[in-house]
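Chemist: sequence plus predicted model, see below.
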Amino acid sequence: MKKFINWLKSPASDFALLVILLILANLVGHRAFLRFDLTQPQSYSLSPASKQLMKTLNEPLSVKVFFSDNLPSPYSNTAQYVRDILVEYKGAANRNFSYSFMDMNNKENQTLASNYGLNQVQIQEVKNSEVGFKQAYMGIVVSYADSIETLDGITSSDGFEYKLTTKISKMISTSDTLAGLGANDRIKMTLYVTDKLKEFQITGFDTIEKTVQKAYDNINKKNLDRIDYEKIDPASSDMQLLADKYGLQLINWKNKDGSQGTGVIGLVIEHGDNFRLIPLSMQRSLFGYAIDGLDNIDKSISDSLQSLFSKATQIGYITGHNEENLYNQNGQSRFSSLISDMYEFSEIDLKKDAIPANITTIVINGPKTEFSDEELYKVDQFIMRGGNVMFYVDPFNEENQGYYQSPTYAPNETKLEKLLNTYGVQLGKNYVLDESCYKQRSQSYGNVSLYWAPMLQNSQLAQKSVITKNLGYVIFLQAGSVDATAARNDKDVKVTVLAESSPKSWLMEKNIMLNPLMTTPPSDKSNEKPEDLAVLLEGKFKSAFSSDPAPDKNKEGNLTAQSHLSQSTQSGRIFVAGTSQITSSQLIDENGSEPVAMFTRNIVDYMNGNAELCTMRTKGLSLNTLKNTDTLLAYLAKYFNEFGLTVLVALAGLIIWRMRENRRKRIHDTYNPDDTRTITKKAKEGK
């Protein structure tokens with residue numbers, strides 16, 4: 001034993017102990033590992049949204065990976081990325097998460113993959129200096145509760161975490177709307193009704209409480225008894241406060257003694273600081289006043305509950321003003337397809353319909369005719385109740401005169417300015433042209449600059465916004481200027497400029513001519529300056545209306561219904577872009593992988609409360625481009641990347657070698673100058 005201890009203390013044991021240490025370190029690393037993600041967008045780390053989702057799994061979730069072995073590069077890197085990221089998922093999850101890799105050399109697993117609907121992918125393989133093709137499985141299957149979903153054809157790691165997390169989130173949402181609700185969290189549903197209204201002949205008023213109670217019992221039973229219900233007859237002093245907070249409908253009348261009477265009707269469901277106002281109100285009919293919304297109260301409560309806890313799936317798409325057609329293959333069909341994995345557009349004609357309760361976001365995309373005051377009022381009050389609106393407004397209407405004639409451009413008059421000016425945004429009647437723009441290759445003229453298609457580099461996008469910070473560039477097309485100066489002066493509103501043109505841009509306001517061969521930058525460079533092209537407003541806004549523009553529709557006899565809101569009851573979001581072209585198939589590619597498609601989709605996610613998906617979607621994407629598009633600089637950068645780095649490494653190695661030789665010589669001359677070997681060598685050399 002003594003000899004062994006002495007051996008351990010002696011240098012003779014160093015090598016053996018090193019081998020043992022390495023073996024133990026590998027055993028520990030097999031079960032516990034530590035990685036550092038040094039990439040700017042954190043491409044190899046889980047996003048907070050994915051981690052939170054994994055922590056809240058209420059039922060077992062299983063991921064089966066069907067990847068063939070010995071995949072050639074770059075597909076082998078994709079397989080390794082899937083393996084590594086699933087380890088991250090496992091580390092963040094509770095005990096309900098598991099994953100397994102299937103041996104695809106096993107015939108039974110191949111049959112299982114086919115039964116799940118996975119297909120083999122044809123990939124290119126270079127072997128023995130020959131290019132060939134092989135069939136390979138590259139898919140995964142996710143099982144949760146009674147549902148099964150697949151992700152097939154995973155040939156790249158780009159956006160994998162986003163696809164997997166959103167797939168799991170959708171499965172959980174379908175299985176249980178309240179999956180993310182804490183065990184002790186309660187939902188509150190309150191019916192506000194003034195009992196004195198019983199004195200008036202209001203059809204359906206006597207059945208309000210009974211109908212709502214029955215609907216509550218059904219909904220509560222389906223949602224694990226998480227909802228508390230209460231009916232309140234509010235005091236007169238509280239009615240205006242409730243109307244301002246929730247947007248409840250106020251009802252006024254004159255008593256027999258001439259005094260003013262006030263009542264309220266409304267149904268609210270809330271959790272924490274968030275709430276939804278369920279459609280339940282007094283409306284005028286052919287036979288007098290009646291309570292509207294009782295017939296489908298169950299669906300309204302369910303939709304509002306889902307809207308409150310799960311992410312919004314329905315997005316209102318305003319029609320009736322020659323807006324861009326969602327189903328036109330040359331128009332907005334790709335915009336609709338781009339968001340279809342999580343959202344669905346629901347067309348709304350404001351001339352006939354109100355904005356449904358389950359809609360939290362609406363899109364006004366490229367209108368070409370005027371909105372009436374009644375239509376504008378519906379949009380305004382939607383915003384006042386905390387709704388989100390995306391405005392894509394073109395500055396001009398383009399009319400084609402004929403095949404051989406240039407189109408004409410007339411100012412686009414929609415009356416949306418009445419709303420936007422009140423909220424602090426002014427749309428310019430101009431096109432923003434930019435020297436930093438998209439260049440089209442022509443056989444006759446070479447590279448032709450399309451000045452009305454500004455190419456915005458990363459420095460021209462909002463650096464701190466999750467919508468744009470990971471995007472390298474975005475192309476706009478036929479965009480007008482957007483001025484949010486007035487909104488910046490409103491302390492209740494936060495303004496973010498998401499996109500602006502370069503300092504080498506100017507405005508075309510008259511005599512519009514979008515011919516690249518006849519358009520040149522201004523000779524006076526003092527006329528060039530950056531222009532805002534897209535802005536985001538967040539906060540509470542003031543109404544553009546002092547009252548309902550059609551008040552007579554809710555007035556009969558002594559009764560008057562009032563539900564006008566002069567300012568926001570809760571924070572909302574308004575996005576304004578000076579063009580609708582960024583939602584067109586001309587810019588959005590079929591796969592939705594181009595930067596402008598990412599920009600458009602990120603806006604939709606952000607407006608619907610899914611901000612965490614914006615950065616998750618753009619992880620690992622190669623979207624950065626050279627800020628200077630000069631041809632010579634581009635070639636210099638290319639050859640520097642190919643050969644320059646190799647030369648720099650070789651030079652660095654040569655310099656370090658010479659430094660070591662000089663250091664070795666200095667040490668020798670200092671501590672052993674009389675070395676006979678050196679003296680003999682110098683003597684032979686005649687020195």
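Modeler: That came through, no problem.
Chemist: any chance you could map the helices in the stretch 501-650 of the chain?
Modeler: With DSSP state H, counting those that start in this stretch as the criterion, the stretch 501-650 of the chain has helices at 595-607, 612-617, 631-639, 645-671.
Chemist: now residue 149: closest residue in space, sequence neighbours ignored.
Modeler: residue 142 (5.0 Å; C-beta to C-beta, 6 or more residues apart in numbering). No exception for glycine: its C-beta is placed from N, CA and C like everyone else's.
Chemist: now the one you found, what's its secondary structure?
Modeler: What DSSP: H, G, I helix; E, B strand; the rest coil gives for residue 142 is strand.
Chemist: in the helix or strand encompassing residue 79, which residues are buried?
Modeler: According to DSSP states H and E, residue 79 maps onto helix 75-92. Residues 75, 78-79, 81-82, 85-86, 88-89, 92 are the ones in helix 75-92 that count as buried (16 or more other C-beta atoms under 10 Å).
Chemist: now, which of the residues you listed sits nearest residue 397?
Modeler: residue 78 (46.7 Å; C-beta to C-beta).
Chemist: residues near the residue nearest to residue 539 when sequence neighbours are not counted, how many?
Modeler: Nearest residue to residue 539, sequence neighbours excluded (C-beta to C-beta, 6+ apart): residue 493, at 4.0 Å. Using other C-beta atoms under 10 Å, residue 493 has 21 neighbouring residues.
Chemist: likewise residue 545?
Modeler: When neighbours are counted by other C-beta under 10 Å, residue 545 comes out with 18.
Chemist: my guess is it meets residue 565, correct?
Modeler: No. At 9.4 Å, residue 545 does not count as touching residue 565 under the criterion of C-beta atoms under 8 Å.
Chemist: thinking again about what came up before, from residue 385, how far off is the residue nearest to residue 149?
Modeler: Distance, residue 142 to residue 385, using C-beta to C-beta, to the nearest Å: 37 Å.
Chemist: okay, these two: which has more neighbours?
Modeler: Taking neighbours as other C-beta under 10 Å, residue 142 and residue 385 compare with residue 385 leading, 21 against 18.
Chemist: list the contacts for the more buried one?
Modeler: 247, 277, 565, 568-570 (C-beta atoms under 8 Å, 6 or more residues apart in numbering).
Chemist: repeat for residue 64
Modeler: Neighbours of residue 64 in contact, by C-beta under 8 Å, 6+ apart: 99-100, 102, 140-141, 143.
Chemist: could you look up the SS state of it?
Modeler: Under three-state DSSP, the three-state class of residue 64 is strand.
Chemist: how far away is it from residue 108?
Modeler: Distance from residue 64 to residue 108, by C-beta to C-beta: 13 Å.
Chemist: try residue 466
Modeler: For residue 466, the distance to residue 108 (C-beta to C-beta) stands at 44 Å.
Chemist: so these two - more neighbours on which side?
Modeler: Each of residue 466 and residue 108 has its neighbours counted (other C-beta under 10 Å); residue 466 has more, 17 against 9.
Chemist: so which strand or helix has the more buried one?
Modeler: Using DSSP H and E, no helix or strand contains residue 466.
Chemist: and it, its phi and psi?
Modeler: Per-residue torsions, residue 466: phi -70, psi -20 (degrees, to the nearest 10).
Chemist: you'd agree it is up against residue 617?
Modeler: No. Counting by C-beta under 8 Å, residue 466 does not reach residue 617; the two are 10.0 Å apart.
Chemist: any residues in contact with both of those two?
Modeler: By C-beta under 8 Å, 6+ apart, residue 466 and residue 617 have these common neighbours: residue 602.
Chemist: can you map out the strands along the stretch 501-650 of the chain?
Modeler: Secondary structure of the stretch 501-650 of the chain, counting by DSSP state E, counting those that start in this stretch: strands at 505-508, 532-539, 555-556, 559-562, 572-577.
Chemist: the stretch 151-300 of the chain now?
Modeler: 187-193, 227-232, 249-254, 260-271, 274-278, 281-285, 288-292.
Chemist: confidence-wise, which of those strands is weakest overall?
Modeler: Ranked on mean pLDDT, the bottom entry among the strands of the stretch 151-300 of the chain is strand 281-285, at a mean of 76.
Chemist: strands paired with that strand, and their directions?
Modeler: Sheet pairing of strand 281-285 (DSSP bridges) gives strand 288-292 (antiparallel).
Chemist: ok, and for the strand it pairs with, which residues are buried?
Modeler: Residues 289-292 are the ones in strand 288-292 that count as buried (16+ other C-beta under 10 Å).
Chemist: got it, and stretch 250-261?
Modeler: Buried residues in stretch 250-261 (16+ other C-beta under 10 Å): 250-251, 253, 261.
Chemist: next: stretch 414-429.
Modeler: Result for stretch 414-429 [16+ other C-beta under 10 Å]: buried residues 414, 416, 419-420, 423-425, 427-428.
Chemist: what's the answer for stretch 574-592, then?
Modeler: In stretch 574-592, the ones that count as buried by 16+ other C-beta under 10 Å are 574-585, 587-588, 592.
Chemist: just the CA trace of it, in CSV.
Modeler: Output of stretch 574-592 as CSV, limited to C-alpha atoms (Å, rounded to 0.1, in the frame of the first residue of the first chain):
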residue,chain,number,x,y,z
ILE,A,574,-51.2,50.0,-34.2
PHE,A,575,-48.9,49.1,-37.1
VAL,A,576,-48.7,51.5,-40.1
ALA,A,577,-46.9,50.9,-43.3
GLY,A,578,-47.0,53.2,-46.3
THR,A,579,-47.5,50.3,-48.8
SER,A,580,-49.5,47.1,-49.2
GLN,A,581,-47.0,45.7,-51.6
ILE,A,582,-45.0,44.0,-48.8
THR,A,583,-47.9,41.6,-48.3
SER,A,584,-48.1,40.8,-52.0
SER,A,585,-46.9,37.7,-53.8
GLN,A,586,-44.5,39.9,-55.7
LEU,A,587,-42.4,40.1,-52.5
ILE,A,588,-43.4,37.2,-50.4
ASP,A,589,-41.8,34.0,-51.7
GLU,A,590,-43.7,30.7,-51.9
ASN,A,591,-41.8,29.2,-48.9
GLY,A,592,-42.0,32.3,-46.8
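Chemist: how far off centre is it?
Modeler: 14 Å (C-alpha atoms, centre = their mean, to the nearest Å).
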